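Q: When you get a sec, could you give me coordinates for this:
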Amino acid sequence: MAEYRLSQVARKLNIGKNTILDFLKEKGHDVDANPNAKIPQDQYDMLARNFANSAHDKEEASELTIGGNIDDLIIKADNPTVKEKSEDERILIKDNVGGTDATPEKISAKTRIEAPKVVGKIELNEKKEESQKKEVIEGKADSLRGLKVLDKIDLPAEKPKPVASSDASQDRKKRPRKRIQSERPRPQGQGPRPLQGQGNNRRFDRRRFSPERKTEELSDKEIQDKIKATLAKLSSSSGSTASQRSKYRKDKRSAKAEAEEERQLQAQKASKTLKVAEFISASDLASLMDVTANDIITACMSIGIFVSINQRLDAETITVIADEFGYEVDFSESKEETEVVEVKDDADQLDERAPIVTIMGHVDHGKTSLLDYIRDAKVTEGEAGGITQHIGAYDVMTESGKRIAFLDTPGHEAFTAMRARGAKITDVAIIVIAADDSVMPQTKEAINHARVAGVSIVIAINKIDKSNAHPEKIKEDLSNINVLVEDWGGKYQCQHVSAKTGEGIDELLDKVLLEAELLELKANSKKAATGSVVEASLDKGRGYMSTIMVQAGTLKVGDILLAGSYFGKVKAMFDHRGHKVIEAGPSTPVQMLGLDGAPQAGDKFNVMESDREAREIATKREQLLREQSIRTKKHITLDEIGRRLAIGTFKELNIIIKGDVDGSIEALSDSLLKLPREEVQINILHKAVGQISESDVLLASVSDAVIVGFQVRPSAGARKLAEAEEIEIRLYSIIYDAINDVKDAMEGMLKPTSKEVITSSIEVREVFKISKIGTVAGCYVADGTVKRSNQVRLIRDGVVTYTGEIDQLKRFKDDVNEVKNGYECGLSIKNFNDVKIGDVIEGFEIEEVKRTL
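A: Residues are numbered from 1 along each chain as shown. Prediction:
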């Protein structure tokens, strides 16, 4: 198949290379722009058919003869129409073309010779021949310098209809194109706008003169402003050129300074604006505002809110705290996008529900034992260390036939956040106090949590069966913190109980039900379920297990549930005894399977209509949490580098925490972050529920971290990998053991302090000067023991003269390592010989003392 070069095709068809490339590209053929690019025969045929007119025009031009007389020109044109003319008509043509019988005039090669082309090649009917000749004669009557404007014409009101390309080509050959002047008014003293070919090199733009072109109408104010600006420029132009340039530079500098000042104001305003999600922990909020977590906790306590480091704050609290520190808050997403709107229930839809009761108090005051007696179980015996370290939810039926939902919270000081959550979702709080003890700090904290949550309080004085029980002293201690029981004329109900014998427990439950009746607790059991997440854990065989408290509606197996940033279908539900349940009504605690992750304890849950809706909200919440974690990641600053350099021995302890439930992990991380961080900083790189996996070990290997496992164990692969990578894994079942070990590790990283210890006191009784050795002092050890490794201090007349090291220590002629009290010895001091009789040499050593936090 024949091929043609791109430049060759352009010459043959009388068209440009770009025209060829564009046409072939429209037809689906990509050709290189190189002039030597090859074009196949089929593409060439396509181009030849489409651009036949251009090729034909080139053939016509090639047949023209430049030069010669008009007779030769007409004969070579071989136009039968012209040959048939009479002699008079031929003379008339010759006169119009410019030729005579005399010497013929040469035609310039730059001149467009349109007449011969039209005359020689186009067949016209008899009616158009005369018109064609007239137009040709009129077009060549003038010198070939361009077009001459004859008159102005008005544009048509409607756009001309498009014509076919072939008709347009014929029309161009029929008559020369006429240019139309613009109708816009010209300034006085100027002629009409020059057209193309008459001194104006600017290309003619039809759109500028189109009647459909829309112009923007200026208001009167804009017109006046433009007039004032123009007058100001005219007045300024009357001055000298130098003053104009000076004023221009001054205005430019002023505008630049104003723009920079505006930019700085915007940057300063942005630096004082916090971009946060609605639920952010106190620790993250402190990082954003560059303050300590203790400052945030103090500010919260000043407004009556008790929070822990990792406790999440709501939007209102965040706004108030940020305002205290001079910051504005910009929430990343609106509540409508990440929150589920709950419909308010009508009064006729509400039914009576069971009360939710939380048992709170100090550690080892008998809270779980009391609950064990109530529900006839033995939970305490199975707990590590005999203390509760999880929040438990139980459903109890009393002897009177009334149902009560109980929440058992830990009493250890590390579980502040758990007690706060228990107080928020409860109706009545039972404060348990041991009769053989006193009102302890966690007791006061529990009372404060209940007061802030606005729930009713019932005091239970436990362990009254003991011989050293003194319940009246407990009531006195309560009165000191403004808690007056009914026996003392107050409003709080109080009951003496014994979790061991069961004394007073029925009366305690009656008082709890009485408080519930006063509250008139009601809920709509017909709607979709809502409630709170009490606890979350990871079961190796079943997946993520969430303990939830249904507060309203009815939760059924198969419902689509959304909790925090996780969602899923409810696969199965169990009560606190492990029995399967099909549905759970208001005030019912259940354990649920089906979520795709472990939600944070305290998260609200909702039943959604569709899986798609739940997934969209969960994804948005997850994005917010991810953005929040990125923003709250604190980067090191120059001030922090300076502080660490000033300390000189600053160190970091990286920790990875894995636990059985989310609440225990939160409590452990809270306690570790509360440890002093002046010289050793604790960084919790990762915390999650579930067993210790290989990915945790790899993370610890990369970051040089220690893995702390709370009531979990590493997998077989993780254990082997940890041994290979030499990663330390610490496993604990009691929370304060973990806290104490981490505290000891931090203390071990602290640089020990140096302490000087006086070991001996030596009297100089004789001085011997020996050549090549120096001065040797004959001494008597008056106190302590002098060792060869001790440093010594020479004291003369009560003033320290020299401090150095012992060079030689001898007894008679033998070198010894030490000389005890009451013995004589010979001693020389390294690099010092000015020893005199009566001097006192004091021996001492430097001991390193371990520092504590």
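
Q: Identify the residues contacting residue 470.
A: Residue 470 sits next to 435, 436 when contact means Cβ atoms under 8 Å, 6 or more residues apart in numbering. To be clear about C-beta, it is placed using only N, CA and C from the backbone, and glycine gets the same treatment.

Q: what about it, distance to residue 461?
A: 10 Å (Cβ to Cβ, to the nearest Å).

Q: and if you look at residue 62?
A: Taken as Cβ to Cβ, the span from residue 62 to residue 461 is 122 Å.

Q: ok, those two, which is more surrounded?
A: For residue 62 and residue 461, the more surrounded residue by other Cβ atoms under 10 Å is residue 461, and the numbers stand at 25 against 7.

Q: Not counting residues beside it along the chain, what's closest to the more buried one?
A: residue 471 (4.7 Å; Cβ to Cβ, 6 or more residues apart in numbering).

Q: What count of nearby residues applies to the one you found?
A: Residues near residue 471, counting by other Cβ under 10 Å: 19.

Q: How about residue 497?
A: 25.

Q: quick one on the thing from earlier: what residues are shared contacts of residue 470 and residue 461?
A: Counting by Cβ under 8 Å, 6+ apart, the residues touching both residue 470 and residue 461 are residue 435.

Q: Three-state assignment for residue 842, please.
A: Three-state call for residue 842 (DSSP: H, G, I helix; E, B strand; the rest coil): strand.

Q: hey, what's it bridged with?
A: Listed by DSSP bridges, the beta-bridge partners for residue 842 are residue 761, residue 793.

Q: Who are the contact partners of it?
A: Counting by Cβ under 8 Å, 6+ apart, residue 842 has contacts 758, 760, 761, 762, 792, 793, 795.

Q: Kindly report the same for residue 730.
A: 706, 707, 708, 709, 738, 741.

Q: Tell me what it is bridged to.
A: Applying DSSP bridges, one finds that residue 730 bridges with residue 708.

Q: where does the stretch 501-650 of the chain have low pLDDT?
A: 628, 630-638, 640-641, 643-649 (pLDDT under 70).

Q: got it, and the stretch 251-400 of the chain?
A: Ranges of the stretch 251-400 of the chain meeting pLDDT under 70: 266-271, 277-279, 332-339, 341, 377-391.

Q: Show me how far stretch 673-685 is from its chain's centre.
A: 24 Å (Cα atoms, centre = their mean, to the nearest Å).

Q: and what of stretch 705-717?
A: Taking mean C-alpha positions (Cα atoms, centre = their mean), stretch 705-717 and its chain are 30 Å apart.

Q: on that earlier part again, reformat the contacts of residue 730 as JSON lines; add distance to residue 657, neighbour count and pLDDT.
A: Putting these into JSON lines (distance: Cβ to Cβ, whole Å; neighbours: other Cβ atoms under 10 Å; pLDDT from 0 to 100) gives the following:
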{"residue": "706", "distance to residue 657": "10", "neighbour count": "17", "pLDDT": "90"}
{"residue": "707", "distance to residue 657": "8", "neighbour count": "22", "pLDDT": "92"}
{"residue": "708", "distance to residue 657": "5", "neighbour count": "27", "pLDDT": "91"}
{"residue": "709", "distance to residue 657": "8", "neighbour count": "21", "pLDDT": "91"}
{"residue": "738", "distance to residue 657": "9", "neighbour count": "23", "pLDDT": "84"}
{"residue": "741", "distance to residue 657": "13", "neighbour count": "14", "pLDDT": "86"}
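
Q: List just the nearest of the residues you listed to residue 396.
A: residue 738 (32.3 Å; Cβ to Cβ).

Q: now the closest one: how far from residue 691?
A: In terms of Cβ to Cβ, residue 738 sits 17 Å off from residue 691.

Q: cool, residue 509 as well?
A: Distance from residue 509 to residue 691, by Cβ to Cβ: 39 Å.

Q: circling back: filter the contacts of residue 842 to the buried ones?
A: Buried by 16 or more other Cβ atoms under 10 Å: 760, 761, 762, 792, 793, 795, out of those.

Q: Nearest to residue 752 among those?
A: For the buried ones among the contacts of residue 842, the nearest to residue 752 is residue 793 (22.7 Å; Cβ to Cβ).

Q: contacting residues around that closest one?
A: 800, 802, 803, 841, 842, 843, 844.

Q: Turn those into TSV, including pLDDT and distance to residue 513.
A: Shown next, in TSV, are the contacts of residue 793 (pLDDT from 0 to 100; distance: Cβ to Cβ, whole Å):
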residue	pLDDT	distance to residue 513
800	91	81
802	91	86
803	91	80
841	92	85
842	92	79
843	91	79
844	92	75
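
Q: among the residues you listed, which ones are buried?
A: By 16+ other Cβ under 10 Å, the contacts of residue 793 give 802, 841, 842, 843, 844 as buried.

Q: how about a markdown table for the residues you listed, with distance to residue 782 added?
A: Below are the buried ones among the contacts of residue 793 laid out as a markdown table (distance: Cβ to Cβ, whole Å):
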| residue | distance to residue 782 |
| --- | --- |
| 802 | 19 |
| 841 | 10 |
| 842 | 10 |
| 843 | 11 |
| 844 | 15 |
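
Q: now, which of the residues you listed sits nearest residue 436?
A: residue 844 (52.3 Å).

Q: How about the secondary structure of the residue nearest the centre of the chain?
A: In the chain, the centroid-proximal residue (Cα atoms, centre = their mean) is residue 627; its distance is 2.4 Å. Recorded secondary structure, residue 627: helix (three-state DSSP).
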